[in-house]
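A.B. asks: okay, predicted coordinates and the sequence, questions at the end:
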Amino acid sequence: MEKRKGILAVVSGFSGSGKGTIMKRLIEEYPERYALSVSVTTRSPRPEEEHGRDYFFITEEEFEKMAKRQELLEYARYVHHSYGTPKEYVFRHLEEGKDVILEIEIQGALKVREAYPDTVLLFVSPPSAEELRRRLTGRGTETEDVIASRLSRAWQEAQGVEAYDYFVVNDDLEACVQEVHHILQSEHIRAERRRALIEQIRTELKGFSKGE
Ligand code: 5GP
């Protein structure tokens with residue numbers, strides 16, 4: 001039997017694209033398939049956020065120590081704060097055969113792709129820029145200033161979207177969850193990810209053809 005190897009997937013999207021909600025629903029629906037990496041960040045928690053579930057909220061000093069000890073797979077600055085992906089969780093779950101999803105911004109996504117070229121990159125967008133502005137304002141958790149910074153960061157990020165493999169439009173949450181699931185399941189059957197199985201079948205065929 002072919003051993004299922006986990007896929008490393010990066011999901012990015014403008015702040016307010018709804019990517020976090022999509023990923024949480026995906027894990028709820030297929031807990032045996034996917035693991036969602038929990039990042040460390042130096043920003044303060046929002047009222048509904050929990051330490052260890054949404055992020056590990058740490059100080060700048062703790063962040064620097066982790067980066068120095070090479071405990072982070074990647075890290076980046078985003079609107080005045082640092083964000084990073086702890087390595088250990090990612091590799092442990094990939095080994096277990098789970099697809100590991102990193103919900104990170106574009107600089108981090110590009111660093112992961114450089115270090116691990118078979119990473120799948122997905123970009124989630126709301127249907128329009130106006131809808132993005134409406135969602136960010138409606139969230140009510142950020143000041144006008146932060147919303148403006150996030151919108152200008154979204155404009156910058158929009159310039160880098162071509163680096164991604166998939167562009168998913170979040171119009172309908174459930175449809176989007178299924179779309180992401182199908183993308184990742186299809187990635188598993190790509191020929192280049194099944195080299196071991198292909199080799200095995202080739203060897204068996206060679207054995208059969210000897211008698212000809
Ligand atoms: P937020 O403050 O809205 O939770 O996140 C801000 C941005 O940082 C989002 O685009 C989010 O995907 C990204 N982010 C979260 N964790 C990480 C991480 O570990 N590394 C990087 N590079 N970006 C992250």
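C.D. replies: Cool, got the structure. Numbers count the residues shown, from 1 in each chain.
A.B. asks: get me the contact residues on the chain for the ligand.
C.D. replies: Counting by C-beta under 6 Å from any ligand atom, the chain comes close to the ligand at 15, 39, 43, 74-76, 78, 83-85, 103-105, 107-108. All C-beta atoms are positioned from the backbone trio N, CA, C, and that covers glycine.
A.B. asks: helix or strand: which one has the residue of the chain found nearest the ligand?
C.D. replies: Nearest residue of the chain to the ligand: residue 108, at 2.3 Å (C-beta to the nearest ligand atom). Using DSSP states H and E, residue 108 maps to helix 106-115.
A.B. asks: quick one: low-confidence parts of the chain?
C.D. replies: Across the chain, residues meeting the criterion (pLDDT under 70) sit at 1, 211-212.
A.B. asks: for the helix or strand hosting residue 56, which helices and strands make contact with it?
C.D. replies: In this assignment (DSSP H and E), residue 56 forms part of strand 56-57. Strand 56-57 is packed against strand 40-41, with contacts defined by 3 or more C-beta pairs under 8 Å, 6 or more residues apart in numbering; DSSP states H and E.
A.B. asks: give me the contacts around the strand it packs on.
C.D. replies: Residues outside strand 40-41 that contact it (C-beta atoms under 8 Å, 6 or more residues apart in numbering) are 55-58, 62-63, 66, 72, 81-84, 86.
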